[in-house]
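Novice: got a predicted model here, sequence first, then my questions.
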Amino acid sequence: MISRNLPITLFEHESIFLDKGEKRITKEQFVALQKYYGDGVPFYSLKNNGVQFNEYVGVIQIGKTIIEILPKADKNDVDNNKWRDILIGMLKAVGSFDIKATSDSNLKIKPNTILDLYFEMFIKEVEYLLHNGLIKQYRKKEGNVTALKGSLLFGKHIQENVTHQERFYVSHTTYDAVHKLHIILYKTIKILKEINTNVSLHSRIGNLLLHFPEMPGIKITESMFEKLIFTRKNQSYKKAIDIAKLILLKYHPDVSKGRNHVLALMFDMNVLWEKFVYVSLLKDKSATTTITSQTSKNFWKPEKGGNSKIRPDIVINEEREDCIVLDTKWKNLNGYNPSSDDLRQMYVYHEYYNSKKVALVYPGNTDDSNKGFYEPTPSHNIIDKECSIITLAIPDAESENKNVIRKWQEKIKNRIFALTNN
């Protein structure tokens, strides 16, 4: 059994069990994962006395135990630090970590997991808000006061103050720090106090609780975040609120025993890879090139009901009307051909987007490309439908080298745009 003070680190598609293997979970933790799975989470599947993770990566915390699931495009490469740095770098690149104001140099700890990074970013943002002074807002308030102000609520006044003639039950407007933004932040701080396992953050969380005004406890829902409106006055709260939303909505308290709370910050690697390639292509693109993501076209229309659509990952249009369609796949081909389903999908994109070329984009051990052509048909006897396979090598990322991800993005852009010129 491994120490519970350290994260349990696994790779995508790995399994962990109660009764076998070097890395194990307890019976209580397995039950907590079973309950969490019952909410319809897609991050893993249940096995006999264990769970198997799938293409989602990130962190699941059960009580004080952290299970970290890292991406891996090479089955022989088990360097945890490399893949952790790759994951964090990709998340930063696509905007999952908005670090425009909170730069890496401002963060004071070396993260053991992405959970530590999110926690410290939140703490840093709330420290900034406290330093600059919390904003106040007008709100309606009702209750007993000793001086008449606002509107007297006569019915409640009679009910509450029959024997207290010195008091007035009124509805009035007050200007203070009690509002939804602070209620959300305060609840997040209290949760961090309960679940944080990084000793470097304990005192800072305690300091926030000491200086942040106490707020009423209310149930936080997704609709509450949707109704928030950010203006020039409260724009400085947005980053902290975004992180609070991620934590609060992914947090599932253990209401029965109060020990095995579950917090999951998980990311679909297929979606992350697609977004990473997309934002890499957008860097310094020419003004004559348009690049769109997830654009839909009608594909099939039934006599009854709605249309079925096709939606490629990335579409590149050059000024000379050369269209290139890309589909990204987070898997290592290991020298094999793409699946027939993937190749058929690319053929359809050729037809419906009238594209010059299409390509499947994969991660891999080395940079490589393989051009192929679809076989002619009786109605189309010219071999001109080209489908390329582009493999992009994963770099050896190190935390000390801040330019690894940026250089990787530059290489991705150059490799893919070379396809448009050949």
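Specialist: Right, received. Where do you want to start? Numbers count the residues shown, from 1 in each chain.
Novice: so Ser280 sits right up against Lys413, yeah?
Specialist: Yes. The pair Ser280 / Lys413 is scored as a contact, 5.3 Å apart, by C-beta atoms under 8 Å. Quick note: C-beta positions are derived from backbone N, CA and C, even for glycine.
Novice: need phi/psi at Gly372.
Specialist: phi -140, psi 160 (degrees, to the nearest 10).
Novice: quick one: end-to-end distance for stretch 217-229.
Specialist: Counting by C-alpha to C-alpha, to the nearest Å, you get 21 Å between the two ends of stretch 217-229.
Novice: same check on stretch 130-146?
Specialist: Stretch 130-146 has an end-to-end distance of 32 Å (C-alpha to C-alpha).
Novice: mind checking how far it is from the chain centre?
Specialist: Stretch 130-146 has its C-alpha centroid displaced from the chain centroid by 33 Å (C-alpha atoms, centre = their mean, to the nearest Å).
Novice: in it, what's buried?
Specialist: Leu134 (16 or more other C-beta atoms under 10 Å).
Novice: would you map the strands across the stretch 251-400 of the chain?
Specialist: Using DSSP state E, counting those that start in this stretch, the strands of the stretch 251-400 of the chain run over 251-252, 262-268, 290-293, 297-300, 308-310, 314-317, 323-328, 357-364, 368-373, 386-393.
Novice: can you list these in CSV and add mean pLDDT, distance to Glu12 and mean neighbour count?
Specialist: Shown next, in CSV, are those (pLDDT from 0 to 100; distance: least, C-beta to C-beta, whole Å; neighbours: other C-beta atoms under 10 Å):
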stretch, mean pLDDT, distance to Glu12, mean neighbour count
strand 251-252, 86, 22, 18
strand 262-268, 89, 10, 21
strand 290-293, 90, 23, 14
strand 297-300, 83, 31, 11
strand 308-310, 87, 27, 13
strand 314-317, 91, 23, 20
strand 323-328, 92, 16, 23
strand 357-364, 92, 12, 23
strand 368-373, 88, 22, 14
strand 386-393, 91, 18, 21
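Novice: do you know which of these lies nearest Phe30?
Specialist: strand 262-268 (11.8 Å; C-beta to C-beta).
Novice: which other residues reach that closest one?
Specialist: 32-33, 35-36, 41, 43, 55-62, 69, 87, 91, 96, 114-115, 118, 195, 246-247, 250-252, 254 (C-beta atoms under 8 Å, 6 or more residues apart in numbering).
Novice: wasn't Lys149 part of a strand?
Specialist: No. Judged by DSSP: H, G, I helix; E, B strand; the rest coil, Lys149 forms no part of a strand; its state is coil.
Novice: make sure it is actually in contact with Thr173.
Specialist: No. Lys149 is beyond contact range of Thr173, at 9.2 Å (criterion: C-beta under 8 Å).
Novice: now the buried members of the contacts of strand 262-268.
Specialist: 32-33, 36, 41, 43, 55-62, 69, 87, 91, 96, 114-115, 118, 195, 246-247, 250-252, 254.
Novice: now intersect these with the helices, please.
Specialist: 32-33, 36, 87, 91, 114-115, 118, 195, 246-247 (DSSP state H).
Novice: make JSON lines out of these and add distance to Glu351.
Specialist: Below are these laid out as JSON lines (distance: C-beta to C-beta, whole Å):
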{"residue": "Ala32", "distance to Glu351": "49"}
{"residue": "Leu33", "distance to Glu351": "45"}
{"residue": "Tyr36", "distance to Glu351": "43"}
{"residue": "Leu87", "distance to Glu351": "36"}
{"residue": "Leu91", "distance to Glu351": "35"}
{"residue": "Ile114", "distance to Glu351": "41"}
{"residue": "Leu115", "distance to Glu351": "45"}
{"residue": "Tyr118", "distance to Glu351": "43"}
{"residue": "Ile195", "distance to Glu351": "51"}
{"residue": "Leu246", "distance to Glu351": "40"}
{"residue": "Ile247", "distance to Glu351": "45"}
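Novice: could you check the pLDDT of His261?
Specialist: Note on His261: pLDDT of 85.
Novice: please name the residues that touch it.
Specialist: Contacts of His261 (C-beta under 8 Å, 6+ apart): 61-63, 194-195, 251-254.
Novice: ok, Lys136 to Lys82 distance?
Specialist: Distance check for Lys136 against Lys82: by C-beta to C-beta, to the nearest Å, it reads 47 Å.
Novice: which parts of the chain belong to which domain?
Specialist: 8-133+180-269, 137-176, 283-421 (automatic domain parsing).
Novice: skipping its backbone neighbours, what lies nearest Lys141 in space?
Specialist: Nearest non-adjacent residue to Lys141, counting by C-beta to C-beta, 6 or more residues apart in numbering: Thr174, 4.9 Å away.
Novice: for the stretch 301-422 of the chain, which spans come out with low pLDDT?
Specialist: Counting by pLDDT under 70, the stretch 301-422 of the chain contains low-confidence residues at 319-321, 380-382, 397-402, 420, 422.
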